[in-house]
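Participant: Below: sequence and its predicted model.
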Amino acid sequence: MARELKILHLRAFVDLQLVANQINGTFEARQPTIQLYLAKAKELIESFKSFKLEHVRRSQNKKADVLSKLASLTFEHLAKEVLVEVLEKKSILEEKVNDLIQEDEVTWMTPLQVYLGTEILPEDKNEARKIRIKAPSYKMMNGALYRRSFLTPWLLCVGPEQVTVII
């Protein structure tokens with residue numbers, strides 16, 4: 001996620017001392033699977049100008065525990081569901097995915113993309129007002145339109161042809 005947001009300097013905290021020491025090079029990974037995960041982590045680390053991983057002791061982790069409990073109390077009104085995602089493949093066996101196809105026609109995203117790129121609004125006053133109201137929730141990154149979300153940093157917006165490919 002940090003790489004997609006083009007973050008250059010990253011400081012991460014982990015509560016597992018073994019993981020911290022393996023990534024920092026103090027300990028070596030002996031199991032073949034762990035070696036693959038370590039290689040994947042180091043590959044990701046190379047994409048940052050600077051990267052620091054720190055171990056957080058359990059006694060120092062109390063603030064994070066309190067924050068997580070506070071967050072669970074704050075969102076009591078939300079449905080109490082546990083979402084489970086079953087991963088078909090391990091991330092170390094990840095395949096490269098080609099970019100989504102480009103939309104050939106005008107979609108719901110086109111006026112927003114034009115406004116965010118050039119600040120040109122449609123001539124219709126009602127449409128222009130709607131776009132000005134919606135625009136702060138959207139951002140153009142790497143030529144793609146993203147929408148701000150409450151639970152995740154950014155959501156990629158897709159058109160009808162892209163939806164067909166995704167589904």
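Facilitator: Alright, I've got the coordinates.

Participant: which is the next helix or strand following the helix-or-strand element of the chain with minimal mean pLDDT?
Facilitator: Least confident helix or strand, the chain: helix 62-74 with a mean of 68, by mean pLDDT, DSSP states H and E. Using DSSP states H and E, the helix or strand that directly follows helix 62-74 along the chain is helix 110-118.

Participant: for the record, mean pLDDT for that following helix?
Facilitator: Confidence over helix 110-118 (mean pLDDT, whole number) is 89.

Participant: Name the surrounding residues that touch the very next helix or strand once past that helix.
Facilitator: Following helix 110-118 in sequence order, the next helix or strand is helix 125-134 (DSSP H and E). Applying C-beta atoms under 8 Å, 6 or more residues apart in numbering, the contact partners of helix 125-134 are 111-112, 115, 121-122. Heads up, the C-betas are built off the backbone N, CA and C, glycines and all.

Participant: average pLDDT for helix 125-134?
Facilitator: 92.

Participant: What is the distance between whichever helix or strand comes after it and the centre of its chain?
Facilitator: Sequence-wise, the next helix or strand beyond helix 125-134 is strand 138-141, with elements assigned using DSSP H and E. With C-alpha atoms, centre = their mean, to the nearest Å as the basis, strand 138-141 stands 14 Å off its chain's centre.

Participant: ok, the closest residue to residue 140 other than its chain neighbours - how many residues close by?
Facilitator: Leaving aside its chain neighbours, residue 140 sits nearest to residue 116 (4.8 Å; criterion: C-beta to C-beta, 6 or more residues apart in numbering). Neighbour count of residue 116, defined by other C-beta atoms under 10 Å: 15.

Participant: Wait, residue 116 touches residue 141, no?
Facilitator: No - contact criterion C-beta atoms under 8 Å: residue 116 and residue 141 do not qualify, at 10.1 Å.

Participant: shaky segments in the protein?
Facilitator: 64, 67-68, 71-85, 87, 93-100 (pLDDT under 70).

Participant: got the domain boundaries for it?
Facilitator: Using automatic domain parsing, the domains assigned to the chain come out as 9-77, 110-166.
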